[in-house]
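Undergrad: structure for the following, please:
(3 chains)
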Amino acid sequence: MKITSRQLGVGLLVAALVVSVLSLAVGPAQTTWDILWQIRLPRVGLGFVVGMALAAAGVILQSLLRNPLADAYLLGTSSGASLGVLLASLLHFKNILGIQCFAFACALATMLIVYRLARIGTRIPVATLILAGVTVSTFINAIVFLVFSLFYRESFSAIFFLLGSLANATPGMAISATVVIIPTVLVACRYRRALDVLSQGDETAQMLGVHPERIKRLFFVLSSLIVAAAVTASGMIGFVGLIVPHLLRLILGPGHRRLLPASAITGGVLLMAMDAVARTAAAPSEIPVGVVAALFGTPFFIYLLRRHKGGAL
Amino acid sequence: MIEVREISCGYSARRVLTHFSLDVFAGETLALVGPNSAGKSTLLKTMGGLVIPTAGAVVVGGRSLSTWSLPERARTIAWVPSEADFTFAYSVEEIVLLGRAPHLPGDRAPRLHDHHWVKKVLALTDLLSLAQRSVDELSSGEKQRLLLARALAQEPSVLLMDEPTAHLDIGHAQAFFYALTRLRQERALTVVLATHDLPLARRVSDRVALMRRGTLHALGTPSEVLTDSHIQTVFEITQEVSP
Amino acid sequence: MPSWRYLAFFIFLFSLSVAPVQALRIVSLLPSHTEIVEALGAGNQLVGVTRYDAFPEGSVRANVGDFLTPQWEILLSQHPDIVLAGDWPSAPTVARLRSLKIRVVELDSPATLAALEASIRTLGQAIELPPSRAEGVIAGMRVRLAALRQKHAAQPPMKLYLEIDPPNWTIGAKDYLNDALALLQLTNIFGAVPRKALQASSESVIEMNPDVILAFHGTAEAIRQRPGWSSIRAVQRGRIITDISADDLVRPSPRLVAGLERLSARLLEKQKP
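TA: Model (predicted):
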């Protein structure tokens, strides 16, 4: 199915508007102005921005690492953010914004560590980047569990958070996440052609006028920033960062000109919709939003895969 | 057009080129021929700026290559590798369009001129009918022509080709020659190609540079250079060069 | 003015001073708090309780989730005047409640029985009940606890291994249960560890050789079969108690007393010759 860029743009815009309005109207309690303003609006807003971040990071990393299994959490920034949240818990941070900033700083520190580890001379070979990311991730996750087992009671609330949920979204969180994520995604979109060029190989990229190391560095930093912002606000929500890029690649093809912006918006819309289901379907219980996304998204994804009959990712 | 002046390249353990000099004239097709360790690839990469020589300089169009920015280089010099790895299932047209990247700064969308040029290049390399096909579905010969098309989309004045027919069978190699020959008829291009393929070198080039262990063994027209005695010395075998 | 008007005026003033204050709308985020409120006789003021609490017929309580993951929409829509919370360090819940301008009471998890009594008093005061209510509950508890102490005074002291959660999650020194168990002549083998909770190693349990094992999950059979545990005195003497509900003992509320009474009965059974 061939979709023109105009159709795509309009379609996504309409979807975003419709889903956000519906999400605001839906929930386990009666919609009053108070509920809307204090609870739903921050939650839906955060959902959009986090979904956008995860999907965009997924596209970037799958491209950068030339690996279709890459998701937003591969390069270690997310584990740094998790450790940050945990440590903030232990250090008795009371201020929500304080916790977010601290965790964000930890995530950035992790990013620097991975970068240093992956660098060989002036180059960052993709293979070492993946290795460094996975190694650092694993190590930090081990620390997280160590802390959890030694300081069980103090870290309990943090672990819950890390399972991934938009339930505790406050206006402050939504705003701070937006302030980091939207500009970063816009910058990524501005340089999205470089991702296409880079996918042709480092040498070819250079001969096409794109400095491979600079672009790798740029996108590494951009993706780390948006993942850090997303994880510090809502924990680790799975599925979106891995599947949305694939989904859109199947429909739109691999060209980043459309893939990146479309994935970003689709990720946001999807997460808003899934979160609305997550908080309403089994009310008053909440289903983890990543679970809802996987349950609904996977069958649709399988359907799409079969329609393409082995058409390449 | 390209002047290679006294360049030295190599790794700490091994010197590939030492005090190597060579001039490439504008509009000519020069073949770099020689055995595997001769340094053809390295020389080619140095001309393109992919390898920085430890000594000496490469001057292109009167200016030292090191003073050119990457996009500037990409608008003048294009590179055709011997093998393609497209990573994702782009369409043929999308790949060729990537060749326009040096002319499209930042986020600028391709304009009419860009699309027009892409169509032209596809026609030149006989890929027009495959324009919407996914690269996964191409034969190796078609892929090689695609690499050529991508390079041509850059509107270069210089084309550097590293073993373009290395992975092609005779049929595909022939098709590649054909495209290259048509090309030379259409545009004034300076072409430098590193190759093993002696018949290709003979057929396509104006001059041949025969290299051996990082030095220039012979330089001249194909008939001057590709003689039995030269070939035997350089390749260290007995071989008949069939015309 | 006619005299009856004066009378009416005075009656009016008088009724103002004794009119009942509008009852506080209470939301409890911990089941133990819910139980304390109910014990204090203010159960009908609860407009929100946790998902682990009971929802009797005709009550107006809504399920607000729990302390760590509250259902914010439902909580807000119940318009609470006060929320009873725990003191889990830096859980975002309390901060959020305060930013929503809702009054919160954070009650520490008590480390001793005295602290538990204090928390009942604090809670009673927070929900604006007269102090006599809290004192009444505490007095009732003390009476029953004293009876238990009496019953077990003649028993030999025994070492207890208390398993809250498998594998090997137990309590340390900073838990009121130590005090409570002492009434039954039971000593927690990990009662010297200066923490609230810990995960002990099997080896330490075996080394400590408890006389009684109290486990909230799992069967006595499964415990018997744990490698190396057959050497433990409690296992050999068959003193493994698994049929007491965790909720009866682990919640710092008046319900603790009933739990202790059940435990006492089990213990005395197992000690019959």
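
Undergrad: residue ranges of the helices in the chain, please?
TA: No chain in the question, so chain A it is. In chain A, the helices defined using DSSP state H lie at A:5-25, A:33-35, A:41-64, A:77-90, A:96-118, A:126-150, A:152-162, A:171-190, A:192-198, A:202-207, A:212-234, A:240-252, A:256-280, A:289-308.

Undergrad: please go with chain C instead
TA: Per DSSP H, chain C carries helices over the ranges C:3-18, C:31-39, C:72-77, C:92-99, C:113-126, C:131-152, C:176-183, C:202-208, C:220-224, C:233-236, C:246-250, C:255-270.

Undergrad: of all those, which one is nearest chain A?
TA: helix C:72-77 (3.8 Å; CB to the nearest CB). Quick note: C-beta positions are derived from backbone N, CA and C, even for glycine.

Undergrad: hang on, isn't residue B:17 packed against residue B:39?
TA: Yes. With contact defined as CB atoms under 8 Å, residue B:17 counts as touching residue B:39 (5.0 Å).

Undergrad: common neighbours of those two, please.
TA: Residues touching both residue B:17 and residue B:39 by CB atoms under 8 Å, 6 or more residues apart in numbering or on different chains: B:9, B:214.

Undergrad: let me know the pLDDT of residue A:253.
TA: pLDDT for residue A:253: 89.

Undergrad: tell me the contacts of it?
TA: Residue A:253 sits in contact with A:259, B:89, B:90, B:91, B:94, where contact means CB under 8 Å, 6+ apart.

Undergrad: and of those, the nearest to chain C?
TA: Nearest to chain C out of the contacts of residue A:253 is residue A:259 (CB to the nearest CB; 35.4 Å).

Undergrad: in chain B, which spans are helices?
TA: B:40-48, B:70-76, B:92-98, B:112-124, B:140-153, B:170-186, B:198-204, B:222-225, B:228-235.

Undergrad: and the third one, average pLDDT?
TA: Model confidence over helix B:92-98 averages 94 on the pLDDT scale.

Undergrad: beta-bridge partners for residue C:26, please?
TA: Beta bridges link residue C:26 to residue C:46, residue C:82 when assigned by DSSP bridges.

Undergrad: the residue of chain C found nearest chain B: neighbour count?
TA: At 39.2 Å from chain B, residue C:92 is the closest residue in chain C, using CB to the nearest CB. Residues contacting residue C:92 under the criterion other CB atoms under 10 Å in any protein chain shown number 25.

Undergrad: wouldn't it be in contact with residue A:98 here?
TA: No. Applying CB under 8 Å as the test, residue C:92 and residue A:98 come out as separate, 11.0 Å apart.

Undergrad: looking at chain A, which helix or strand does the model trust least?
TA: Lowest by mean pLDDT, DSSP states H and E among the helices and strands of chain A is helix A:152-162, with a mean of 74.

Undergrad: give me the contacts around stretch A:62-74.
TA: Counting by CB under 8 Å, 6+ apart, A:53-54, A:57-58, A:61, A:78-79, A:126, A:129-130, A:133-134, A:137, A:195, A:198-199, A:216, A:219-220, A:223, A:227, A:230-231, A:236, A:238, A:240-242, A:245-246, A:256, A:313, B:87-88 sit against stretch A:62-74.

Undergrad: switch to 6 Å and redo it
TA: Applying CB atoms under 6 Å, 6 or more residues apart in numbering or on different chains, the contact partners of stretch A:62-74 are A:54, A:57-58, A:61, A:126, A:130, A:133, A:195, A:199, A:219, A:227, A:241-242, A:245, A:313, B:87.

Undergrad: show the end-to-end separation of it, please.
TA: Its first and final residues considered, stretch A:62-74 spans 10 Å by CA to CA, to the nearest Å.

Undergrad: spell out which residues of chain C are next to chain A.
TA: Residues of chain C lying near chain A by CB under 6 Å from any CB of the partner chain: C:63, C:68, C:71-74, C:76-77, C:88-92, C:95, C:196-197.

Undergrad: buried subset of those residues as a PyMOL selection?
TA: In PyMOL syntax, the buried subset of the residues of chain C next to chain A is picked out as below (16 or more other CB atoms under 10 Å in any protein chain shown):
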select buried, chain C and resi 63+68+71+72+73+74+76+77+88+89+90+91+92+95+197
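
Undergrad: check contacts around the closest residue to residue A:244 other than its chain neighbours.
TA: Of all residues not flanking residue A:244 in the chain, residue A:55 sits nearest, at 4.0 Å (CB to CB, 6 or more residues apart in numbering or on different chains). The contact partners of residue A:55, taken as CB under 6 Å, 6+ apart, are A:240, A:244, A:263, A:264, A:267.

Undergrad: for residue C:73, same thing?
TA: Residues near residue C:73 by CB under 6 Å, 6+ apart: A:27, A:28, A:29, A:35, A:39.

Undergrad: ramachandran angles for the spatially closest residue to it that is not a sequence neighbour?
TA: Closest residue to residue C:73 apart from its sequence neighbours, by CB to CB, 6+ apart: residue A:29 at 3.8 Å. When quoted as degrees, to the nearest 10, the phi and psi of residue A:29 stand at phi -120, psi 170.

Undergrad: you'd agree residue A:29 is up against residue C:75?
TA: No. Using CB atoms under 6 Å as the test, residue A:29 is too far from residue C:75 to be in contact (8.7 Å).

Undergrad: so between these two, which is more surrounded?
TA: Neighbours per residue, other CB under 10 Å: of residue A:29 and residue C:75, the larger number sits with residue C:75, 26 against 20.

Undergrad: about what we covered before: report the two of the contacts of residue A:55 separated the most.
TA: A:240 and A:264 (11.0 Å; CB to CB).

Undergrad: hang on, the earlier thing: close to chain C, is the least confident helix or strand of chain A?
TA: Yes. Looking at helix A:152-162 against chain C by CB under 6 Å from any CB, the contacts come from A:152, A:153, A:154, A:157, A:160.

Undergrad: of the residues you listed, just say which sits nearest to chain C.
TA: Distance to chain C, by CB to the nearest CB, is smallest for residue A:157 among these, at 3.7 Å.

Undergrad: please name the nearest non-neighbouring residue to that closest one.
TA: residue C:91 (3.7 Å).

Undergrad: distance of that neighbour from residue C:105?
TA: Residue C:91 sits 15 Å away from residue C:105, taking CB to CB, to the nearest Å as the criterion.

Undergrad: apart from its neighbours in sequence, what residue is nearest the residue sitting furthest away from the middle of chain A?
TA: Going by CA atoms, centre = their mean, the residue of chain A most distant from its centre is residue A:207, 31.9 Å out. Nearest non-adjacent residue to residue A:207, counting by CB to CB, 6+ apart: residue B:79, 3.8 Å away.
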